[in-house]
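Peer 1: sequence unknown, structure follows:
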């Protein structure tokens, strides 16, 4: 088992005022009873899970995607994935799972193709990567259904529209992930230690996905 199975709990948070939230998110607010836990899941072998308190102002915990070491890539640790959610009560839990799709083909400037001589190259997610990516998504969906936890599927376009209104745009995947991490650091400064590195973008995006439950 890799160290990605470790439990991560955030430090006590500095209160985030409603004015601060209003400056970062769009849409009408949704309120939940005190004691409700809002969970966001960024699926993927390098993904993460984040749990927020009922009003989204405190990060309760982060959990990185658990893997069992197998060859070069590792296999999903389904048992640990279920344990990460089992202790939450269905009546007091709301979950947002990012709905993922294979990366579409994209054209980018590059050297001309030696065969067709077109002045660009086309990139897309390979069949193996798409299969693996979808496998993690459906594993989480099956676990949530089995545990009886209420969940909604939210597209990246939807949660980013709600939570990242006014954020700078980036043309690269790594750039977009860094923008998400910076947004999460603005919203939850007390959890900076758990999101201090660029590789922690999945934790940041999981928290932002959870925060999308607060807006409609």
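Peer 2: Yes, it's here. None of these values were measured; they are calculated from a predicted model. Numbering: from 1, shown residues only.
Peer 1: what strand or helix carries residue 61?
Peer 2: Assigned by DSSP states H and E, residue 61 belongs to strand 59-64.
Peer 1: relative to that strand, what are the paired strands and their orientations?
Peer 2: Note on strand 59-64: by DSSP bridges, its sheet partners are strand 7-9 (antiparallel), strand 48-52 (antiparallel).
Peer 1: quick one: the strands in this protein?
Peer 2: 7-9, 37-42, 48-52, 59-64, 67-68, 75-76, 93-98, 106-109, 120-123, 151-154 (DSSP state E).
Peer 1: now distance to residue 210 and mean pLDDT too, for those, in CSV please.
Peer 2: (Glycine included, C-beta is placed from N, CA and C.) Listed next are those as CSV, based on distance: least, Cβ to Cβ, whole Å; pLDDT from 0 to 100:
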stretch, distance to residue 210, mean pLDDT
strand 7-9, 15, 39
strand 37-42, 3, 98
strand 48-52, 5, 97
strand 59-64, 9, 96
strand 67-68, 22, 91
strand 75-76, 21, 90
strand 93-98, 6, 97
strand 106-109, 28, 54
strand 120-123, 30, 50
strand 151-154, 10, 96
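Peer 1: I'd like the ones you listed as TSV, with distance to residue 178 appended.
Peer 2: TSV is the format used below for the strands of the chain (distance: least, Cβ to Cβ, whole Å):
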stretch	distance to residue 178
strand 7-9	20
strand 37-42	15
strand 48-52	15
strand 59-64	18
strand 67-68	24
strand 75-76	26
strand 93-98	18
strand 106-109	19
strand 120-123	19
strand 151-154	21
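Peer 1: okay, buried residues for stretch 173-189 please.
Peer 2: 176-184, 187-188 (16 or more other Cβ atoms under 10 Å).
Peer 1: mean confidence score for it?
Peer 2: In this model, stretch 173-189 carries a mean pLDDT of 94.
Peer 1: in the chain, where is pLDDT below threshold?
Peer 2: Residue ranges of the chain with pLDDT under 70: 1-27, 70-72, 101-134.
Peer 1: how does it look with 90?
Peer 2: 1-29, 44-45, 69-75, 100-135, 165-167, 169-171, 173, 215-216 (pLDDT under 90).
Peer 1: and the helices in the chain?
Peer 2: For the chain, the helices defined by DSSP state H cover 18-22, 78-86, 127-147, 156-163, 173-187, 201-211.
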